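**Student:** Provide a 3D model corresponding to the input given below.
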Amino acid sequence: MTPAHALLLSLAQRWLNDLLPPSIRQELAEDFATAEETLAGHPAAAAWLENTRLLQHWEDVLEDPQPDPVITDALRQALFERRQIDITYRKGGTTQQARLHPFGWLQRNGANYLACTFWNFTNPLWLSVHRVQTVTPVDEPARPPLSLAQQAAFLARSPVPATATHGATITLEVEFHAGLYESICDRPPRGTRAIDQPNDGCFRLLAEVADTLELRWWLLGFNEQVRILQPESLKRELQGLLFDRLTGLVNRHEFARVLQRRLAETQRTRQPLSLVMVDLDHFKQVNDTFGHEGGDQALTHVAQCLQDTCRSMDLAVRYGGEEFVVLLPNTTSAEAVEIAERIRSTLEQTPLTLKDGTSLYLTASLGVASETGQPLAKDLLQRADAAMYRAKEGGRNRVCADGSP
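**Tutor:** Numbering: from 1, shown residues only. Below is the predicted model:
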């Protein structure tokens, strides 16, 4: 199978998975698996596929929800009568068909969402009502393949944020990772006023956009590759979900989600995955000597050193307190030790200038752990943490790898 064919099959699996009848999915299962293996051995194709995951169609992101009242009434009626329905709806600029088992309804910020399952699949989702084009009732009762407890649990943890003001227009200023520059320029968002040239690994985009839920989901999809600058309200709302407020690094909660995904990829591709645990040395003395303001400056300084030292593919995380984590995809243990040593050296040789002009030199103890299979996430973290404590016990300001003395 060629990389081009593998890309097409992988994209079809991602975007049509909920729509394919079970018999067709089963028939294509072997082809889908072969496509994943082909992409795993072709880094350029795999990288392109990752970019398509991050970049959504702006037509979907920026459209205002304008549901047809007749469509809305038909969906509500089907939900009330607990009947299956056949629908057509817009997704990614195309019209698609599906059979739904509705079991819930949500109205948020002027937009309506139908909780349902597609065909006989067990994954529940929220369907945007304003994307539905036709509704045809089916003379069969809805039987979502979920227990009542599962349905209730899904409805209770609605992921739809409650702060968007539909219909309003906002001035959006964001900073993207430079690696996305060509993609954004090729398909700029509707309402774009300016896209700056990349500078220091990032570029800025300024646009007048509709304030929608879809906009939020799109921005969250970029994870650490986007930083919201304006409006301040949106920055506080979304950055707080993914990023540590003090340092701007990805927070512990978002890191747990990314780590699980990376471990699954490692199991599938057998590419190495490494993790570096970083703990500041004698941080209590910094707080005691310079106060909590000095401590905050120290943490921000460490975060900047991590961002300056790490590669664009790496993920720097504020794990908690004075602890940081760096996730290194496609990186062997030996390569991870080199990167950890570079982080240690950069921090040691880069003084922090406090507000009173004092120069403060910081050091850290670092632990490295690596995998090529799929352990439990906590196992990888525990091994990196244990290596980091050996570095502290060995005199601090050093790097220790998992399995090393």
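
**Student:** where along the stretch 51-200 of the chain do the strands fall?
**Tutor:** For the stretch 51-200 of the chain, strands defined by DSSP state E, counting those that start in this stretch occupy the ranges 83-91, 94-108, 111-118, 125-128, 132-141, 169-177, 192-195.

**Student:** what packs against the first one?
**Tutor:** Strand 83-91 makes packing contacts with helix 69-81, strand 94-108, strand 132-141 when contacts are defined by 3 or more CB pairs under 8 Å, 6 or more residues apart in numbering; DSSP states H and E. All C-beta spots, glycine's among them, are computed from the backbone N, C-alpha and C.

**Student:** In a markdown table: the ones you listed, plus mean pLDDT.
**Tutor:** As requested, these are exported to a markdown table (pLDDT from 0 to 100):
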| stretch | mean pLDDT |
| --- | --- |
| helix 69-81 | 87 |
| strand 94-108 | 86 |
| strand 132-141 | 92 |
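
**Student:** Buried deepest among these, which one?
**Tutor:** strand 94-108 (a mean of 17; mean count of other CB atoms under 10 Å).

**Student:** Who are the packing partners of it?
**Tutor:** By 3+ CB pairs under 8 Å, 6+ apart, strand 94-108 packs against helix 69-81, strand 83-91, strand 111-118, helix 148-156.

**Student:** what angle do the third one and helix 148-156 make?
**Tutor:** In this structure, strand 111-118 runs at an angle of 150 degrees to helix 148-156, with axes from the mean of the first three to the mean of the last three CA atoms, to 10 degrees as the basis.

**Student:** same thing with the first one?
**Tutor:** Taking the same axes, to 10 degrees, one finds that helix 69-81 is oriented at 150 degrees with respect to helix 148-156.

**Student:** and what of the second one?
**Tutor:** Orientation note: strand 83-91 sits at an angle of 40 degrees relative to helix 148-156 (the same axes, to 10 degrees).

**Student:** For strand 83-91, which strands pair with it and how are they oriented?
**Tutor:** When pairing is defined by DSSP bridges, strand 83-91 lines up against strand 94-108 (antiparallel), strand 132-141 (antiparallel).

**Student:** what's the answer for the shortest one, then?
**Tutor:** Each strand pairing with strand 111-118, determined using DSSP bridges, is listed with its direction: strand 94-108 (antiparallel), strand 125-128 (antiparallel).

**Student:** For residue 289, find the nearest of the ones you listed.
**Tutor:** Nearest to residue 289 among those is strand 94-108 (48.7 Å), distances taken as CB to CB.

**Student:** on that earlier part again, in TSV: the strands of the stretch 51-200 of the chain, plus distance to residue 401.
**Tutor:** Formatted as TSV, the strands of the stretch 51-200 of the chain follow (distance: least, CB to CB, whole Å):
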stretch	distance to residue 401
strand 83-91	46
strand 94-108	48
strand 111-118	46
strand 125-128	42
strand 132-141	54
strand 169-177	29
strand 192-195	42
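
**Student:** of all those, which lies closest to residue 225?
**Tutor:** Closest approach to residue 225 among the strands of the stretch 51-200 of the chain is made by strand 169-177 (4.1 Å; CB to CB).

**Student:** what is the rounded mean pLDDT of that closest one?
**Tutor:** Here strand 169-177 scores 90 as its mean pLDDT.

**Student:** and it, which strands flank it?
**Tutor:** Strands flanking strand 169-177 in the sheet, each with its direction: strand 202-210 (antiparallel), strand 226-230 (antiparallel) (DSSP bridges).

**Student:** for those, which one sits closest to residue 148?
**Tutor:** strand 202-210 (37.0 Å).

**Student:** ok so, going back, of all the helices and strands packed on strand 94-108, which one comes closest to residue 311?
**Tutor:** Between the helices and strands packed on strand 94-108, strand 83-91 lies closest to residue 311; by CB to CB that is 34.3 Å.

**Student:** Which residues does the closest one contact?
**Tutor:** By CB atoms under 8 Å, 6 or more residues apart in numbering, the surrounding residues in contact with strand 83-91 are 15, 60, 74-75, 78, 95-102, 127, 131-143.

**Student:** that older thread, may I see the strands paired with strand 169-177 organised as TSV, with mean pLDDT and distance to residue 115 added?
**Tutor:** Listed next are the strands paired with strand 169-177 as TSV, based on pLDDT from 0 to 100; distance: least, CB to CB, whole Å:
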stretch	mean pLDDT	distance to residue 115
strand 202-210	90	24
strand 226-230	85	29
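
**Student:** Out of the helices and strands packed on strand 83-91, which gets nearest to residue 245?
**Tutor:** For these, the distance to residue 245 is smallest for strand 94-108, at 25.1 Å, taking CB to CB.

**Student:** Please give the centre-to-centre distance between the closest one and its chain.
**Tutor:** Relative to its parent chain, strand 94-108 has a centroid offset of 24 Å by CA atoms, centre = their mean, to the nearest Å.

**Student:** can you pull the alpha-carbon coordinates of it into PDB?
**Tutor:** Provided in PDB are the C-alpha atoms of strand 94-108 (Å, rounded to 0.1, in the frame of the first residue of the first chain):
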ATOM      1  CA  THR A  94     -19.900  18.000   2.600                       C
ATOM      2  CA  THR A  95     -23.300  16.500   3.100                       C
ATOM      3  CA  GLN A  96     -23.400  13.200   4.900                       C
ATOM      4  CA  GLN A  97     -26.100  10.700   6.000                       C
ATOM      5  CA  ALA A  98     -26.700   8.900   9.200                       C
ATOM      6  CA  ARG A  99     -29.300   7.000  11.300                       C
ATOM      7  CA  LEU A 100     -29.600   8.300  14.800                       C
ATOM      8  CA  HIS A 101     -30.800   7.000  18.200                       C
ATOM      9  CA  PRO A 102     -31.600  10.300  20.100                       C
ATOM     10  CA  PHE A 103     -31.600  10.300  23.800                       C
ATOM     11  CA  GLY A 104     -31.000  13.900  25.000                       C
ATOM     12  CA  TRP A 105     -31.200  17.600  24.200                       C
ATOM     13  CA  LEU A 106     -29.100  20.600  25.200                       C
ATOM     14  CA  GLN A 107     -29.600  24.300  24.500                       C
ATOM     15  CA  ARG A 108     -26.600  26.400  25.300                       C
END
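
**Student:** before we move on, back to that, got the strands paired with strand 169-177 as TSV, with distance to residue 403 columns?
**Tutor:** Shown next, in TSV, are the strands paired with strand 169-177 (distance: least, CB to CB, whole Å):
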stretch	distance to residue 403
strand 202-210	37
strand 226-230	37
